[in-house]
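> Quick one: sequence and predicted model below, then my questions.
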Amino acid sequence: MIAKTKMVLLGPPGAGKGTASELLLKDVQLAHVSTGDIFRAEMKNGTELGKLAKSYIDAGKLVPDEVVAGMVASTLNGEACKDGFVLDGFPRTVRQAELLEEELAKSGRTLDAVVLFDAPEELLLQRLTARLTCRKCGLNFNKIFGKPKVEGVCDHCGGELYQRSDDSMETAVNRLKVYNEQTAPLIEFYTRKNLLFTVDASLPKAEVYAAFLKALN
Ligand SMILES: [Zn+2]
């Protein structure tokens, strides 16, 4: 179904990478690799890198890029990823991308594709601030995709709907700022390596997915 099976997903928060990768993983047998899962697995299995990562975390420090890249590469080289992988949430900086490349090269591997999910900032902000939560029962609504029947009122229990601080405009603006400063430079990095494919993530979900599949062929 797809030709490129070793991929990194790139894109700002709110672009819908998660939704697209969920759809892909239903259709194609690939390993989904996120750094959170890797950390948990390496620490649980007590690998050298896992122990090293734990020592930083226990000391309340950030795990250095070298250690993270080493863990990611060892996962990607493992049995579970032999038919391909979708790497999501890493690399987030050019330094991390360089380290990943070096680590993969050690076992003679390279990436097949880096897929960028791109959408105008205005739309991203709209999506990132769309969630409304019921104060009483915790049910979520969405201002774009799943409005409540009566504005500001929970369909389920009649409770008041509010915006959680994670979903506030301030948080959304900040997340996009971090992405633009730290992660957006990867677009140029991977373009120069002829690995970048861009998907217009402002389109409806089905069209985004179709464009995603096309990029992988
Ligand atoms: Zn409710």
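It's in.
> so how far is the ion from the residue nearest to Asn77 when sequence neighbours are not counted?
Once flanking residues are discounted, Asn77 sits nearest to Ser107: 4.9 Å by Cβ to Cβ, 6 or more residues apart in numbering. In short, each C-beta sits where N, CA and C put it, glycine included. Counting by Cβ to the ion, to the nearest Å, the gap from Ser107 to the ion is 51 Å.
> Look up phi and psi at Ser107.
According to degrees, to the nearest 10, the main-chain angles of Ser107 amount to phi -110, psi 20.
> Same check on the one 5 residues further on?
Taking degrees, to the nearest 10, you get phi -90, psi -30 for the backbone angles of Asp112.
> show me where this protein has strands.
Along the chain, counting by DSSP state E, strands occupy 6-10, 31-34, 85-88, 113-118, 131-134, 140-142, 161-162, 196-200.
> Which stretch among those strands approaches the ion most closely?
strand 131-134 (3.1 Å; Cβ to the ion).
> contacting residues around that closest one?
With contact meaning Cβ atoms under 8 Å, 6 or more residues apart in numbering, strand 131-134 is reached by 139-143, 148, 154, 156-157, 159-164, 167.
> near the ion, which residues of the chain show up?
134, 136-137, 139, 154, 156-157, 159 (Cβ under 5 Å from the ion).
> What is the nearest of these to Pro204?
Within the residues of the chain next to the ion, proximity to Pro204 (Cβ to Cβ) peaks at Leu139, which comes in at 24.7 Å.
> and the closest one, how many neighbours?
Leu139 sits with 15 neighbouring residues when counted by other Cβ atoms under 10 Å.
> residues near the residue nearest to it when sequence neighbours are not counted, how many?
Distances taken as Cβ to Cβ, 6+ apart put His156 closest to Leu139, at 5.1 Å, once the chain neighbours are dropped. Neighbour count of His156, defined by other Cβ under 10 Å: 13.
> was I right about His156 contacting Asn140?
No: with contact defined as Cβ atoms under 8 Å, His156 does not reach Asn140; the gap is 10.6 Å.
> How about His32: which residues does it bridge to?
Val86 (DSSP bridges).
> list the contacts for it?
Neighbours of His32 in contact, by Cβ under 8 Å, 6+ apart: 21, 25, 85-86, 88.
> now this protein, which segments are flagged as low pLDDT?
With pLDDT under 70 as the threshold, the chain has no low-confidence stretch at all.
> Let me see the backbone angles for the residue lying farthest from the centre of the chain.
Relative to the centre of the chain, the most outlying C-alpha is that of Gly158, 34.3 Å out, by Cα atoms, centre = their mean. The phi/psi pair for Gly158 (degrees, to the nearest 10) reads phi 80, psi 0.
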